[in-house]
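Participant: Predicted structure and sequence below. I'll ask about it afterward.
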Amino acid sequence: MSGDVLLLSNSRPPGGAEPFTHAREVLDEHLGGRTVWFLPYAQADHDAYHAWVARALAPLDVRPLHREPDPAATAATADAVFVGGGNTFRLLHDVRRLGVLDALRGNDACRYTGSSAGTNLAQPTIRTTNDMPIVDPGGLDALHRVPFQVNPHYLDLDPTSTHQGETREERIREFHELNTVPVVGLREGAWLHRTGDTVTLGGNTARLFRRDEEPIELAPGTDVSWLLAPTTSS
C-alpha cells in the first residue's frame, strides 16, 4: 500500500479537552481539502458517532459512509477515510460483511486515518488490539496499510497497582512468541504519520517491541520509516 496513513492512539485528549485537539494540526495537514468518509462501525450508534466526529473535525467535510446506498462502492473511490474507535472486532466484522474491507484494499490512493480501533484496522492483523472479541470477525487479517503492528492506548506498568493480570508489555511479548512483526506501543496522545515512504512518530512517546530484543523508547519526531521494510509474521 502506498497511500498516506495517519494512525492515532486516541481521539480524546486527557484533561477534558475537546476531541482531536491534540492532533488537529496533523489531521488538517493529512485530510484538508478532501471529502472525508467516516466509518463508524466500531460503535453501535453510527449516527451519533458520525455527528460527534463531524462536529469535532469541523470545518473538514466529514460524511457518513454508513448512510451511503453502497458503502463499498463509495469506499472504493474515496479520497480519504476516517475510521473511528470502539471495538475492533465489531469494526472488522462489519467492514468485511459490507465489502468495505476489500474496497479499501483496492483503493491505494485513499488517505487513511484511524483512531484506536481504526488504527488497528490499518495493520496486517488485529492481533495486537486490547479489545474483547464480542463478535467473530471472520478472520483476523486487516487492511495492511502498514506492514507493522500497533498497540493503541499503550499503558506502562504502574508499580502501585494491585492488578494481577498481564501488563501490556507481557501481552506483546506473548505475541512475539509466535510472530516476528514489530509492534509499536502508542501511548495516549501519540500518532504515526506515513507520507509516502516516510513514517514519523508525533504527539507523544511510544515504545517499540521486537522479537528477541529489549523494548526501546521512541521520542516524538523519530523517523521510523525502516518499519516499512517487509517483515515475516506467522
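Facilitator: Nice, I can see it.

Participant: Nearest spatial neighbour of Phe209, chain-adjacent residues omitted?
Facilitator: Closest residue to Phe209 apart from its sequence neighbours, by Cβ to Cβ, 6 or more residues apart in numbering: Val183 at 4.4 Å. (C-beta placed from N, C-alpha, C; glycine too.)

Participant: tell me the contacts of the one you found?
Facilitator: Val183 is in contact with Thr128, Phe148, Gln149, Val150, Asn151, Ile172, Phe175, His176, Leu208, Phe209, Arg210, counting by Cβ atoms under 8 Å, 6 or more residues apart in numbering.

Participant: Make TSV from those and add secondary structure, distance to Thr21 and neighbour count to it.
Facilitator: Listed next are these as TSV, based on DSSP: H, G, I helix; E, B strand; the rest coil; distance: Cβ to Cβ, whole Å; neighbours: other Cβ atoms under 10 Å:
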residue	secondary structure	distance to Thr21	neighbour count
Thr128	coil	27	25
Phe148	coil	27	22
Gln149	strand	27	27
Val150	strand	22	25
Asn151	strand	23	26
Ile172	helix	29	21
Phe175	helix	32	19
His176	helix	34	18
Leu208	strand	26	19
Phe209	strand	29	23
Arg210	coil	33	15
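
Participant: Arg34: which of the residues you listed is nearest?
Facilitator: Arg34 lies nearest to Val150 out of the contacts of Val183, by Cβ to Cβ, at 23.3 Å.

Participant: What distance do you get for that closest one to Leu186?
Facilitator: Per Cβ to Cβ, to the nearest Å, Val150 is found 6 Å from Leu186.

Participant: on contacts alone, who are the packing partners of the helix ranked longest in the chain?
Facilitator: Longest helix in the chain by number of residues (criterion: DSSP state H): helix 46-57. Applying 3 or more Cβ pairs under 8 Å, 6 or more residues apart in numbering; DSSP states H and E, one finds that helix 46-57 makes contact with strand 35-39, strand 61-64.

Participant: Take the first one, keep the C-alpha atoms, and write them as PDB.
Facilitator: Taking C-alpha atoms only, strand 35-39 is exported to PDB below (Å, rounded to 0.1, in the frame of the first residue of the first chain):
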ATOM      1  CA  THR A  35     -14.100  14.800   1.300                       C
ATOM      2  CA  VAL A  36     -13.600  12.500   4.300                       C
ATOM      3  CA  TRP A  37     -15.800   9.400   4.600                       C
ATOM      4  CA  PHE A  38     -16.300   8.400   8.300                       C
ATOM      5  CA  LEU A  39     -16.500   4.700   9.200                       C
END
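
Participant: Can you give the distance of it from its chain's centre?
Facilitator: Relative to the centre of its chain, strand 35-39 is centred 15 Å away, using Cα atoms, centre = their mean, to the nearest Å.

Participant: Give me the residues contacting it.
Facilitator: Strand 35-39 has contacts (Cβ under 8 Å, 6+ apart) with 49-50, 53-54, 57, 60-66, 68, 74-75, 78-84, 91, 95, 100, 113, 118.

Participant: Show me which of the residues you listed are buried.
Facilitator: Taking 16 or more other Cβ atoms under 10 Å as the criterion, what is buried in these is 49-50, 53-54, 57, 60, 62, 64-66, 74-75, 78, 80-84, 91, 95, 100, 113, 118.

Participant: what about the strands in the chain?
Facilitator: According to DSSP state E, the chain carries its strands in the segments 5-8, 35-39, 61-64, 80-83, 111-115, 149-151, 183-186, 191-195, 198-202, 206-209, 216-218.
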